[in-house]
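Participant: here is my input; please provide its structure:
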Amino acid sequence: QAQLVESGGGLVQAGGSLTLSCTASGRTLTGTVMAWFRQSPGKEREFVAVISVRGSIPYYANSVKGRFTISRDNAKNTVYLQMSSLKPEDTAIYYCAASQTTITARRNEYTDWGQGTQVTVSS
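Facilitator: As a prediction, this is how the structure comes out:
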């Protein structure tokens, strides 16, 4: 069964860094727009970053611009989210998602989702 699996979450102090990975099994990410979303308790799932099929065009939410970097390695079937200068408000479950359509921040355009990985930033 095809699935997306996130890893790399954990507990980090404010100002620290983490790198999340999203690996696809049973499917290829080639030709797929990939994105990261996050969800905090009591809040809706929100867009974080998206990357184009070949990895040349990334877009970021304003809240993470300049601190997070999305990238992909199609040969490894993996997408990454490098997070630096982390803040307590970055605490959330982070999900990767795949879309067969255009680059978008619209959650409902993404058809495949991972189970998420918890990121906790302590102050």
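
Participant: give the full set of residues in contact with the residue nearest the centre of the chain.
Facilitator: Nearest to the mean C-alpha position of the chain, by CA atoms, centre = their mean, lies Trp36 at 2.4 Å. Residues near Trp36 by CB atoms under 8 Å, 6 or more residues apart in numbering: 20, 22, 48-50, 70, 79, 81, 94-97. For glycine as for every other residue, the C-beta is placed from the backbone atoms N, C-alpha and C.

Participant: how about Val33?
Facilitator: 50-53, 98-104.

Participant: picking up where we left off before, not counting residues beside it along the chain, what's closest to the residue nearest to the centre of the chain?
Facilitator: In space, Trp36 comes closest to Val48 once its chain neighbours are excluded; the distance is 4.3 Å by CB to CB, 6 or more residues apart in numbering.

Participant: give me phi/psi at the one you found?
Facilitator: The phi/psi pair for Val48 (degrees, to the nearest 10) reads phi -120, psi -60.

Participant: and it, how far from Ser25?
Facilitator: 22 Å (CB to CB, to the nearest Å).

Participant: which residues does the residue lying closest to Asp90 once chain neighbours are set aside form a beta bridge with?
Facilitator: Closest residue to Asp90 apart from its sequence neighbours, by CB to CB, 6+ apart: Val121 at 5.1 Å. Taking DSSP bridges as the rule, Val121 bridges to Val12.

Participant: right, I'll call it a day here.
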